[in-house]
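In: Quick one, what's the 3D model for this:
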Amino acid sequence: MHELEQVLTNLADVDLHWWPFQFLRPRPDQRLGNRRVAALSLLVGGFVGMLMNIVAALHGESPHVALLPSLTALGFFVVFRSTVAVCWNRRAARLQHPR
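Out: Okay, here's the model as predicted:
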């Protein structure tokens, strides 16, 4: 688990990965809570889902305009919360209470 945590937190520490939502990035010693993960998921997932709507429209499909952004945001939340946020929070706990 330590190696995975190291890889994910190193990736999450890259400024470019937070662009344009750097205002949502917590300090390394702060927890990455559900509200922050939800905000990121809605912003990133909504954008990606709208791009998927465009691709679907170009291929003659017409899903409800909110379907793909909603599903993408939900998927992003589940994945981000169960991977990056868990590792980020483990590191934050260590930084808050060093041995």
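In: how about the helices in this structure?
Out: 2-12, 34-40, 46-58, 67-82, 84-96 (DSSP state H).
In: now those as TSV including mean neighbour count, mean pLDDT and distance to F21?
Out: C-betas here are computed from N, CA, C, even on glycine. Listed next are the helices of the chain as TSV, based on neighbours: other CB atoms under 10 Å; pLDDT from 0 to 100; distance: least, CB to CB, whole Å:
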stretch	mean neighbour count	mean pLDDT	distance to F21
helix 2-12	13	90	12
helix 34-40	16	97	6
helix 46-58	14	95	10
helix 67-82	17	97	12
helix 84-96	17	95	14
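In: Turn those into TSV, columns for distance to W18.
Out: Converted to TSV, the helices of the chain look like this (distance: least, CB to CB, whole Å):
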stretch	distance to W18
helix 2-12	8
helix 34-40	9
helix 46-58	14
helix 67-82	12
helix 84-96	11
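In: which stretch among the ones you listed comes nearest P28?
Out: Comparison of the helices of the chain against P28 by CB to CB identifies helix 84-96 as nearest, at 5.9 Å.
In: what's the closest one packed up against?
Out: On a contact count with 3 or more CB pairs under 8 Å, 6 or more residues apart in numbering; DSSP states H and E, helix 84-96 meets helix 2-12.
In: pull the CA atoms of the helix it packs on into PDB?
Out: Extracted C-alpha coordinates of helix 2-12, given in PDB (Å, rounded to 0.1, in the frame of the first residue of the first chain):
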ATOM      1  CA  HIS A   2       2.900   2.400   0.700                       C
ATOM      2  CA  GLU A   3       4.200   2.200  -2.800                       C
ATOM      3  CA  LEU A   4       0.700   3.000  -4.300                       C
ATOM      4  CA  GLU A   5       0.200   5.800  -1.800                       C
ATOM      5  CA  GLN A   6       3.600   7.300  -2.800                       C
ATOM      6  CA  VAL A   7       2.800   7.100  -6.500                       C
ATOM      7  CA  LEU A   8      -0.700   8.600  -6.100                       C
ATOM      8  CA  THR A   9       0.400  11.400  -3.800                       C
ATOM      9  CA  ASN A  10       3.400  12.300  -6.000                       C
ATOM     10  CA  LEU A  11       1.000  12.500  -9.000                       C
ATOM     11  CA  ALA A  12      -1.500  14.600  -7.000                       C
END
